[in-house]
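S.K.: Here's a sequence, model it:
(chains A and B)
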Amino acid sequence: MLQVSIYRYNPEVDNAPHMQEFEFDTEGKDLMVLDVLEAIKAGHDSSVTYRRSCREGVCGSDGLNINGKNGLACITPLSETVKNDKLVVRPLPGLPVIRDLVVDMSLFYAQYEKIQPFLKNNSPAPAIERLQSPEDRSQLDGLYECILCACCSTSCPSFWWNPDRFIGPAGLLQAYRFLADTRDTATDERLSKLDDPFSVFRCHGIQNCVNVCPKGLNPTKAIGHIRTMLLNRAT
Amino acid sequence: MVTQVTSFSRSGLSDWLIQRLTSVILLAYFICLAGILLGGVDYSAWKAMHDTTAMRIFTLLAAMSLAAHAWIGLWAVYTDYLTERMLGPRGHVIRRFCQLGTVLALVIYLLWVIQILWG
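M.R.: Below is the predicted model of the structure:
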């Protein structure tokens, strides 16, 4: 029998958050964590609140803290995370809780907005599209795949302490995605906005982001590339 | 862009670069000292070595590196943990008090090293 402990907080009725315990029979199946949440919501307590959508690791809605590690509930199998029949599910750390497992991601999106995640090119637009060689396109591999689930940024202590000033691994991965894009001509402008003590340099390279990314991406490496670009520009 | 008047160089890149350069200088200095100490040295030889201009400059460089390295590192710690977010409304006051204390300690320490070396 799986012992499931879920973080509960309804600001309309609760003075403080608490953990609610459930017993769940997996019937020997290696379910995904989201399956367990769905079954608890359907069979035990319909008020358990969480975000979910695609249930296959594409939309990034169900980023949660599962047994102490951030991940997507829909693609985290119990066999990967459960030890001693205990499953503890909490909301992503560092962001304000709206209710139960749902967090307010405004701070996360505000940082994403700061890096201007869109192509900037001052030259006249061609008739059809801006072409790119396969080699140039390959520079974006490992960058464009981010689904903005926030697992990385909310596992980063620097983002916990300064979510209003440190862009965070997700935002910086996307910042580098546009810095590395040969079609983008705003490199200098983008770099100028990052050369302060907080936006990039609050990253101390502890690689929590790399450890938790459900898409297997490497924001620390991208941050290293940004640092190198800043250094090359300034020296 | 986030502006900061209390960071060492007011530039994230400069602070980052200075912290790495100073760590290399400190590493070289302490390896040098460790090598001399492990090789066996008495007081007169130790004093004679520190009386040379080269060693004085190296020691001063290491002390200046330590001061810069410590300020950049502690500034990051203070702006992480001693904030309004972490400590409530008094966070800013506590942080500035700690920053002032750290700057004073580092300046006194640096002046003291200069006095020892050339005094």
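
S.K.: From now on I want contacts and neighbour counts done on CA atoms only, so please keep to that.
M.R.: Will do.

S.K.: Helices of chain B, start to end?
M.R.: Assigned by DSSP state H, the helices in chain B fall at B:12-38, B:43-51, B:53-81, B:84-87, B:91-118.

S.K.: Distance to chain A and mean pLDDT added to those, as a markdown table?
M.R.: As requested, the helices of chain B are exported to a markdown table (distance: least, Cα to the nearest Cα, whole Å; pLDDT from 0 to 100):
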| stretch | distance to chain A | mean pLDDT |
| --- | --- | --- |
| helix B:12-38 | 4 | 95 |
| helix B:43-51 | 35 | 92 |
| helix B:53-81 | 5 | 96 |
| helix B:84-87 | 8 | 89 |
| helix B:91-118 | 13 | 95 |
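
S.K.: Including mean neighbour count, could those go into TSV?
M.R.: Below are the helices of chain B laid out as TSV (neighbours: other Cα atoms under 10 Å in any protein chain shown):
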stretch	mean neighbour count
helix B:12-38	16
helix B:43-51	12
helix B:53-81	18
helix B:84-87	14
helix B:91-118	15
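
S.K.: Give me the pLDDT value at B:Thr3.
M.R.: pLDDT for B:Thr3: 61.

S.K.: Next: B:Val41.
M.R.: 89.

S.K.: State the phi and psi torsions of it.
M.R.: In terms of degrees, to the nearest 10, the main-chain angles of B:Val41 are phi -150, psi 140.

S.K.: separation between it and B:Ile31?
M.R.: Taking Cα to Cα, to the nearest Å as the measure, B:Val41 falls 15 Å from B:Ile31.

S.K.: cool, A:Lys29 as well?
M.R.: 58 Å.

S.K.: can you check A:Asp45 too?
M.R.: Applying Cα to Cα, the value for A:Asp45 to B:Ile31 is 63 Å.

S.K.: What average pLDDT does the helix or strand harbouring A:Ile40 get?
M.R.: In this structure, A:Ile40 is located in helix A:33-43 according to DSSP states H and E. Across helix A:33-43, pLDDT averages out at 96.

S.K.: and that helix, what does it pack onto?
M.R.: Counting contacts by 3 or more Cα pairs under 8 Å, 6 or more residues apart in numbering or on different chains; DSSP states H and E, helix A:33-43 packs against strand A:18-24.

S.K.: So what touches the strand it packs on?
M.R.: A:1-9, A:36, A:40, A:44 (Cα atoms under 8 Å, 6 or more residues apart in numbering or on different chains).

S.K.: Farthest-apart pair in these, please.
M.R.: Farthest apart among these by Cα to Cα are A:Met1 and A:Tyr9. That separation is 25.0 Å.

S.K.: give me the number of residues near A:Arg233?
M.R.: 11 (other Cα atoms under 10 Å in any protein chain shown).

S.K.: Please spell out which residues along stretch A:45-63 are buried.
M.R.: A:48-50, A:52, A:55, A:57-58, A:60-63 (16 or more other Cα atoms under 10 Å in any protein chain shown).

S.K.: I meant to write stretch A:66-82 there.
M.R.: Within stretch A:66-82, the residues that count as buried by 16+ other Cα under 10 Å are A:66-67, A:69-78, A:81-82.

S.K.: so for that stretch, what's the average pLDDT?
M.R.: For stretch A:66-82, the mean per-residue pLDDT is 97.

S.K.: which residues touch that stretch?
M.R.: Residues contacting stretch A:66-82 (Cα under 8 Å, 6+ apart): A:30-35, A:55-57, A:60-65, A:87-90, A:92, A:149, A:151-152, A:154-155, A:212-214.

S.K.: One more: stretch A:177-193?
M.R.: A:115, A:117-122, A:130, A:132, A:136-137, A:139-140, A:143-144, A:175, A:226, A:229-230, B:1.

S.K.: Now do it: distance from first to last residue.
M.R.: Using Cα to Cα, the end-to-end distance of stretch A:177-193 comes to 15 Å.

S.K.: Need the residues that contact stretch A:132-146.
M.R.: By Cα under 8 Å, 6+ apart, the surrounding residues in contact with stretch A:132-146 are A:170, A:173-174, A:176-177, A:180-183, A:215, A:217-218.

S.K.: mind listing what's buried in it?
M.R.: A:140, A:142-143, A:146.

S.K.: Could I get those in JSON lines, plus columns for pLDDT, distance to B:Arg95 and secondary structure?
M.R.: Listed next are those as JSON lines, based on pLDDT from 0 to 100; distance: Cα to Cα, whole Å; DSSP: H, G, I helix; E, B strand; the rest coil:
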{"residue": "A:Leu140", "pLDDT": "97", "distance to B:Arg95": "41", "secondary structure": "coil"}
{"residue": "A:Gly142", "pLDDT": "97", "distance to B:Arg95": "39", "secondary structure": "coil"}
{"residue": "A:Leu143", "pLDDT": "97", "distance to B:Arg95": "37", "secondary structure": "coil"}
{"residue": "A:Cys146", "pLDDT": "97", "distance to B:Arg95": "36", "secondary structure": "coil"}
